[in-house]
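Colleague: Let me see the structure of the following:
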Amino acid sequence: MSQHHHRPTLKQSNKKYKPSGGHSSKGSLRDAAKGRIARTAPKSGSRGQKTAAQTKAERRNTAKQVQKQKRAELVQGARVFEGRNGAPRIVLVLLLTEDVSGAALAKGLAEAAGEEWDQMDQQGVRSLRVSRFSQSLQLLLPPFPSSAPSPSAAFHAILDAAKIADYIIPILSATTEVSAWGETILRCVQAQGCGEVVSVVEGLNNVDSKSRTATRASLLSFIRYFFPSQSKLACLSQPSEMANALRSICTGFPKAPSWREGRTYLVGEDLEWDKVEGLEGGLVLGGEDGEKGTLKVTGVVRGEALNPNRLVHLQNFGDFQLSQITPAPLSTSSRAPQNSMSVDASSASTVLAAPAAEDQDDLVSENDPDLLANEQTWPTEEEMAEAPAAQANGKGKGVVRRVPKGTSSYQAAWIVDDADEDEESEGDEDEEDEEGMEEDGEEDGEEGEGEFEETEEVEVESRAGEAFEDLDPEEEEKQLQAYLAEAKEDEAFPDEVDTPQHIPARERFARYRGLKSFRTSPWDPYENLPLDMGRIFEFEDYAGMSRRVLRRACEGGEEGDVQAGTRVTLHIKGVPKAVLDSRDRNLPFLVFGLLQHEKKKSVLNMVIQRNTEYDGVVKSKDPLTLLFGPRRLDVRPLYSQHLQGGKTVNNVHKFERFLRHGDAHVATIFGPVGWGRLPVLLLRDMGESEPPSLVATGSLMNADPTRIIAKRIILSGAPIKVHRKTSTIRYMFFNPEDVMYYKPLELRTKMGRVGHIVESLGQHGYFKAHFDGPITQMDTILLNLYKRCFPKFASLHRISAAPASRQDGAEMEE
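Modeller: The predicted model follows:
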């Protein structure tokens, strides 16, 4: 008998192995951990027509082309330093302790180069010609912040110099630990990006011979925490090691941070100010009227080509226009000293480039909103006909107010009620303390019940000259603990507020709204905008505009541009004389070139992450200092959630009261626009003698005025009676009118249930609610309300230079 076989209908078919898909092999994971980059396959025709030899030849040819392209880029980057008149390499000498000397390092480099150095006790900007390598070095020798007359000015000058330096030489001490100033400088330089780093140790001879190796290893481990590419330390007292360091500086190809591409900068070697008649004086540093004129800055153009139509930025004073650019080649006289910066007078009157009147960027940073351009509602004929009757019946009269006896109606019109004050302070409602609403309501209720007492006219003194009084240590500690407790309470119960008992919730939270879905519910970004939104600019396509502006700046093909490496004199017009008077010659004077439209103000969104070393409380709208590309601003940023996808369907993002550890946030301000991924640093001033604290670091995300920051508040209630899906809720409202007002909104519970208000119960704000599932007595009922928040305008961060610093500079000049 034949054996019966079942039909194979359950045959299993496995998926094919796809290494380029979602699954990763062990080898690919190992290569990714090592940092290897997968080579992209070259384009080829029909796969069947290619032999193995031809495929190998194509891969070899592609690798050769990539290598050739990289070499060409390196040669092009180093071409600006070639020749006798090549641009000097900018070298920043970074002091990390007080017992190290930048002048000693400069002397060590000069001895390694076989040159004489007679500038031992001088700081500032110094030049060194290395004949052996046919290169010039421009040494920036700023003082250590704690030993400078103005520590804050020296600190920010060091960070500005690190932005444009080709090489940074941090000097470590073998006998002294890095101070708080030095560590803060290293963290800021690491966050904002820098060029190549060559580390040096000083004072190694003062260490016991048995401990020198361990000391050097410890210092190398420390510096590698900030700059992982460092493999060794050069000893300042060893001529051979200094010669190797000098060789790496003179023959290397410095790599610039990516955000510096397309930007121009210049180190000022000589400054001169000429008064120009007809220019009006304006408020300058210190609040005094200052004369304005033309500032002449001589130096070598670095970075990309300098366009005379673009604006330039001077730290501490703002943005200015160029009137002309003249050449300033070095004197070729054989009698001139080697390190001299004398200018050839024969070319001083030649105009190298001048701006075009129709193409030059203006100094307008804000719009001038037309208040009459809004929508006007003209009364109809019926309303105009009813107006006399309404006035006769008492309609349209002013608000009735209770005033002291003997007050006329004209005087009563000037009395400000609490309601008027609330309307004027709506813009600052975010800064109010939610915990004090109940007490304020009780005081208002008591005032409404009693009669006004008889009053008399008294002269009110102005508070402008009121002296500031320090609080007692006990009161200061009490307020500090209350401030810290507010942050802890917000972390435990985020966004929850108590409903005021003596103020209707519909009036207290009139500016809030409910949303069916925070991610998808529509929200018009141009609805109920404040007047400040009319002062800013909006770009239709910020990402596309950024690419176009940077591409044009990198190409530098416009006629009249001054190429990098050219030594010129910039004639900057409209500059106050205080720029020259407040200059400290121990600090480098830098000129940053701006890109097109970077003067315009808009809503800036920056992705930041909090510094793990900073443990202070950071609240929204707290005053901070923003280092933003070449700019330095005083800001009060708003913080909001950052989504990995960029934005939601409705572009609504939740407001964050505090900047917390671990998560990335978005800081929003009104400020000047920037193009590209500019680095962002947030600093908190800790006093003149203490280094500022690095609060957060990040980069610029975009300039988007349509990004909505929604502040959420949660009204909570407690169930007192529960019957499966229906419950009676109390303590969310305290009058039936509020219950009916918020009836259309959706309720949620902490256990994840969703429901709605059914009806109001009684006269004390109780109501019945129905949910999509059974709830428990231990659950909490929540009602989410949202309000849009708007940022504040940033201002230029100004630092006053110490008088002693300016006197030292004048004596040095003489």
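
Colleague: Next SSE downstream of the longest helix seen in the chain?
Modeller: Secondary structure assigned by DSSP state H gives helix 52-78 as the longest helix of the chain. As assigned by DSSP states H and E, the chain's next helix or strand after helix 52-78 is strand 89-95.

Colleague: What pairs with that following strand, parallel or antiparallel?
Modeller: strand 135-141 (parallel), strand 167-173 (parallel) (DSSP bridges).

Colleague: Including mean neighbour count, could the ones you listed go into TSV?
Modeller: Using the backbone N, CA and C atoms, a C-beta is placed for each residue, glycine as well. Output for these, formatted as TSV (neighbours: other CB atoms under 10 Å):
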stretch	mean neighbour count
strand 135-141	23
strand 167-173	24
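
Colleague: So which of the ones you listed is nearest G544?
Modeller: strand 167-173 (34.8 Å; CB to CB).

Colleague: tell me the angle of the longest helix of the chain relative to strand 89-95?
Modeller: 80 degrees (axes from the mean of the first three to the mean of the last three CA atoms, to 10 degrees).

Colleague: where's the closest residue to A664 other than its chain neighbours relative to N650, distance?
Modeller: Nearest in space to A664, with sequence neighbours left out and distances taken as CB to CB, 6 or more residues apart in numbering, is H642 at 4.5 Å. H642 sits 16 Å away from N650, going by CB to CB, to the nearest Å.

Colleague: count of neighbours near N605?
Modeller: Other residues lying near N605 total 25 when counted by other CB atoms under 10 Å.

Colleague: Tell me the spacing between it and K654.
Modeller: Counting by CB to CB - N605 and K654 are separated by 14 Å.

Colleague: for the nearest residue to D772 once chain neighbours are set aside, what are its contacts?
Modeller: Closest residue to D772 apart from its sequence neighbours, by CB to CB, 6+ apart: V754 at 5.2 Å. V754 makes contact with E746, L747, R748, F771, D772, according to CB atoms under 8 Å, 6 or more residues apart in numbering.

Colleague: helix, strand or coil for the spatially most central residue of the chain?
Modeller: The centroid of the chain falls nearest to V680 when counting by CA atoms, centre = their mean (4.1 Å). Secondary structure assignment for V680 (DSSP: H, G, I helix; E, B strand; the rest coil): strand.

Colleague: ok so, going back, H642 and N650 - which one has more neighbours?
Modeller: More neighbours surround H642 than the other of H642 and N650, with 21 against 18 (other CB under 10 Å).

Colleague: need the contact list for the more buried one.
Modeller: Listed by CB under 8 Å, 6+ apart, the contact set of H642 reads V607, H653, D663, A664, H665, V666.

Colleague: And the top strand by length along the chain, what does it pack against?
Modeller: Counting by DSSP state E, the longest strand found in the chain is strand 708-723. The contact analysis (3 or more CB pairs under 8 Å, 6 or more residues apart in numbering; DSSP states H and E) places strand 708-723 against strand 496-497, strand 652-656, strand 726-730, strand 781-789.

Colleague: Could I get the average pLDDT for it?
Modeller: On average, the pLDDT along strand 708-723 is 92.

Colleague: Then stretch 521-535?
Modeller: 90.

Colleague: could you list every residue that touches the nearest residue to N735 once chain neighbours are set aside?
Modeller: Once flanking residues are discounted, N735 sits nearest to G765: 5.5 Å by CB to CB, 6+ apart. G765 makes contacts with R730, Y731, M732, F733, F734, N735, P736, D738, V739, as judged by CB under 8 Å, 6+ apart.

Colleague: now for those residues, which pair is the farthest apart?
Modeller: Of all pairs drawn from the contacts of G765, the greatest distance, 14.4 Å, lies between Y731 and P736 (CB to CB).

Colleague: now the residue lying closest to Q563 once chain neighbours are set aside: how far from A103?
Modeller: Distance criterion CB to CB, 6+ apart; nearest residue to Q563, sequence neighbours excluded, is A305 at 5.2 Å. Per CB to CB, A305 is found 35 Å from A103.

Colleague: So which of those two has more stuff around it?
Modeller: A305 (22 against 17).

Colleague: quick one: the more buried one and D561 touch, right?
Modeller: Yes - counting by CB atoms under 8 Å, A305 touches D561, with 4.0 Å between them.

Colleague: Report how many residues lie close to Q644.
Modeller: Residues lying near Q644 (other CB under 10 Å) number 5.

Colleague: which residues touch P239?
Modeller: G108, E111, A112.

Colleague: Try it again at 7 Å.
Modeller: Applying CB atoms under 7 Å, 6 or more residues apart in numbering, we find P239 in contact with E111, A112.

Colleague: neighbours around the residue lying closest to F155 once chain neighbours are set aside, how many?
Modeller: Nearest residue to F155 in three dimensions, chain neighbours excluded: P145, at 4.6 Å (CB to CB, 6+ apart). Residues lying near P145 (other CB under 10 Å) number 25.

Colleague: Look at G645 and report its pLDDT.
Modeller: What the model reports for G645 is a pLDDT of 70.

Colleague: nope, D418 is what I meant
Modeller: pLDDT, read off for D418, is 47.

Colleague: ok, now E540?
Modeller: With respect to pLDDT, E540 scores 88.

Colleague: Check the spacing between it and S602 real quick.
Modeller: 12 Å.

Colleague: Show me which of the two is the more surrounded one.
Modeller: Here E540 and S602 are set side by side on neighbour count (other CB under 10 Å), and the busier one is S602, at 21 against 6.

Colleague: Now do the contacts for the closest residue in space to that one that isn't next to it in sequence.
Modeller: Once flanking residues are discounted, S602 sits nearest to A703: 4.2 Å by CB to CB, 6+ apart. Going by CB under 7 Å, 6+ apart, A703 touches F539, Y542, S602, V603, L604, V673.

Colleague: So what does A703 look like in phi/psi?
Modeller: Main-chain torsions, A703, degrees, to the nearest 10: phi -120, psi 90.

Colleague: I'd say I729 and I781 touch.
Modeller: Yes - using CB atoms under 7 Å, I729 is in contact with I781, at 5.1 Å.
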